[in-house]
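>>> make a model of this:
(chains A and B)
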2 protein chains.
Amino acid sequence: MPQLRQDPTTKEWVIIASERLKRPHAFKKTEVFIEKPSYKEDCPFCMGNEHLTPHETLAYRRGGPADGRGWWVRVIPNKFPALSPEGTLERKEEKGFFRSMDGVGIHEVVIESPLHNQLLPLMEDKQVEEVLLAYRERYLTIKEDRRIKLIIIFKNHGETAGTSLDHTHSQIVGTSVVPSNIRKKLEEAARYYDDHGRCVYCDLIQEELLLEERIVAATERFIVFHPFASRFPFETWVIPKEHQASFGLISKEDSKTFAKVLKETLFKIYSRLNNPDYNFVIHTAPIKDEEEDYYHWHLQFVPRLTTPAGFEMGSGIYINVSLPEETAKFLREE
Amino acid sequence: MPQLRQDPTTKEWVIIASERLKRPHAFKKTEVFIEKPSYKEDCPFCMGNEHLTPHETLAYRRGGPADGRGWWVRVIPNKFPALSPEGTLERKEEKGFFRSMDGVGIHEVVIESPLHNQLLPLMEDKQVEEVLLAYRERYLTIKEDRRIKLIIIFKNHGETAGTSLDHTHSQIVGTSVVPSNIRKKLEEAARYYDDHGRCVYCDLIQEELLLEERIVAATERFIVFHPFASRFPFETWVIPKEHQASFGLISKEDSKTFAKVLKETLFKIYSRLNNPDYNFVIHTAPIKDEEEDYYHWHLQFVPRLTTPAGFEMGSGIYINVSLPEETAKFLREE
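Residues are numbered from 1 along each chain as shown, chains lettered A, B, ... in the order given. As a prediction, this is how the structure comes out:
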């Protein structure tokens, strides 16, 4: 019999479709490995091609001038930004009915490696640490712009996950509006806090650690698990054990332990499912709510193994053809 | 400069990405036409293969027994249902933290034609009318089940739109919960009604008819347009001009005019974009709200021309690389 499960952090329902249920190994990609060169002449993200990109906003390099060679992580403004620093925050009304405003914001690209054929799960720990430190550093700089209300850090890997450039990279977007679905998550978290005097994510971590059945990994500072109401097969959350509303508050030291646990998670997925396309997003509090007691930042990882369709579009209810208890076990058992 | 546009019915923001903007013709699919047979031995939806499906719940046929040949539209329970009629509505709690319930509901398939190689936009008007009458008839029967709170009618066309069976069909799902994003749409509509004493969709129709720039087609009873804050290229809404909260209240006569305008819309997309994959969903009020003054049913059509990725997943804000004013003009000018 199908089951409806409710996400305790959002109150959204998910259908676990028992009639359609697939075993974890059924999601393994069959595609063969394509060897790629370490440098491509026309790739704007490859070392040596810095002239093909806008001027960098950050780079980790051993001396030398900006926009030159010798870097190991480089951050640049997106050449085709979804939001841009120009414009005003003024709302425009068309006859009082339609509202628009300038698309004010920041859109940057984090080039995670100078090598064209690198992949985040296959990098050395040190390199992933540097990528996470770049996220942190850009977060802290971007938030100084008072027009920016929320900073979203995300990665698209592979064509079906919406990326067009295959040189490994992630993106940082600062928005001048707080999206309503982020506000809804905050409202639900605040409601739980009002009811229980505790953060719902802190309680969630405790419950998952007690039950053990959906845990993929747990370190001293982070836990990795497949949520009770997973919307997608192998949906994975990485969350700090200690309460912290904003990714912007992470210490340099914790950035490194976060990097290690993230890399290990990505590597498990890479090797067990044969390099599937995926997205991940860091869900963090809006800047004005960075110190709140009720929200708790976390990373959501979703491999592209199934296709949400008309039902999800019409209802907002996701149909999941896997059991998080089974997929977590599958990843645990190496 | 990118632009943020707000949907007046949901208050959700959409980014119109001017730096990435594509002209309408750039979305035309290049794939060539693959000829298909009118009958396939192993297709459960083909005429003559009725024994491969569960017992029909409705069929339009010239006499003859149920589950036999001779039908032109046939409705069956989904063999692998996302929700099923068994079970109870009782909530189960795991230690007071995780909540689940039986996946109670109805999940049916509407086989739109006995022929394997038919397509909705290429059918005769009469056949599309019969499909819409089947939607209506099943809606009215399913709503008699008091456990059903909302009925969602949708279609997935093509592999990237999430369908696995290529014999033309649509689906009807009755849910025992009202999803929170439907409730949110209702809340926004109610808020507008409280402010203005009018339905926001009725006002929207008037505005679009006045402006004319996003209209694809307008008949006596329906309008077809690309919304101001379109989330996707060629997102198209079909909406009755007269106020009606629920698709369940549509008259038989209006079903036929709805069929005509839907078919013409699908045909325009089919021929101008070369048969893209697509989804459509009928957004209708929950059953208890069928008579409300503030909600207004409509069909949302979305071709699969771009891939929402990490940013959309993390923010709920869609990035649209087309201008609805341009795409609507492109469809108008045949």
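
>>> chain B contacts on the stretch 1-150 of chain A?
A:1-6, A:8, A:10-13, A:15-20, A:79-84, A:86-87, A:95, A:97-105, A:150 (Cβ under 8 Å from any Cβ of the partner chain). All C-beta atoms are positioned from the backbone trio N, CA, C, and that covers glycine.

>>> in strands, which of these fall?
A:3-6, A:13, A:15-16, A:98-102, A:105, A:150 (DSSP state E).

>>> tell me the two of those residues that are most distant?
The distance between the two most remote of those (Cβ to Cβ) is 45.6 Å, for A:Q3 and A:D102.

>>> for the worst-scoring helix or strand of chain A on mean pLDDT, which helices and strands make contact with it?
Lowest by mean pLDDT, DSSP states H and E among the helices and strands of chain A is strand A:91-94, with a mean of 85. Secondary-structure packing of strand A:91-94 (3 or more Cβ pairs under 8 Å, 6 or more residues apart in numbering or on different chains; DSSP states H and E): strand A:98-102.

>>> need the contact partners of the strand it packs on.
A:86-94, A:176, B:1-6, B:8, B:207, B:228 (Cβ atoms under 8 Å, 6 or more residues apart in numbering or on different chains).

>>> now a ChimeraX select for only the buried ones of those.
Burial among the contacts of strand A:98-102 is assessed by 16 or more other Cβ atoms under 10 Å in any protein chain shown; the matching ChimeraX selection reads:
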select /A:87,176 /B:2,3,4,5,6,8,207,228
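
>>> so which residues of the stretch 101-250 of chain A form strands?
A:105-111, A:150-157, A:169-175, A:215-218, A:222-225, A:236-240 (DSSP state E, counting those that start in this stretch).

>>> report the angle between the longest one and strand A:105-111.
Using axes from the mean of the first three to the mean of the last three Cα atoms, to 10 degrees, one finds that strand A:150-157 and strand A:105-111 are set 40 degrees apart in direction.

>>> adjacent strands (with direction) for strand A:150-157?
Partners of strand A:150-157 in the sheet, by DSSP bridges, are strand A:169-175 (antiparallel), strand A:278-283 (antiparallel).

>>> now do stretch A:257-275, average pLDDT.
Averaging pLDDT along stretch A:257-275 yields 97.

>>> same question for stretch A:68-87.
96.

>>> could you tell me the end-to-end distance of stretch A:316-328?
Stretch A:316-328 has an end-to-end distance of 24 Å (Cα to Cα, to the nearest Å).

>>> for that stretch, buried residues please.
A:316-324, A:326-328.

>>> and that stretch, anywhere near chain B?
Yes. Residues of stretch A:316-328 are located near chain B by Cβ under 8 Å from any Cβ, namely A:316-317, A:319.

>>> which residue in those has the weakest pLDDT?
A:G316 (93).

>>> residues in contact with that one?
For A:G316, the contacting residues are A:12, B:179-182, by Cβ under 8 Å, 6+ apart.

>>> buried subset of those residues?
Looks like the contacts of A:G316 have A:12, B:179-182 buried, using 16+ other Cβ under 10 Å.

>>> out of the residues of stretch A:316-328 next to chain B, who's nearest chain B?
Distance to chain B across these (Cβ to the nearest Cβ) is lowest for A:G316, with 3.4 Å.

>>> measure stretch A:288-297 end to end?
Stretch A:288-297: ends 14 Å apart by Cα to Cα.

>>> please enumerate the helices of chain A.
Under the criterion DSSP state H, chain A contains helices at A:125-142, A:180-196, A:200-211, A:252-273, A:310-315, A:324-332.
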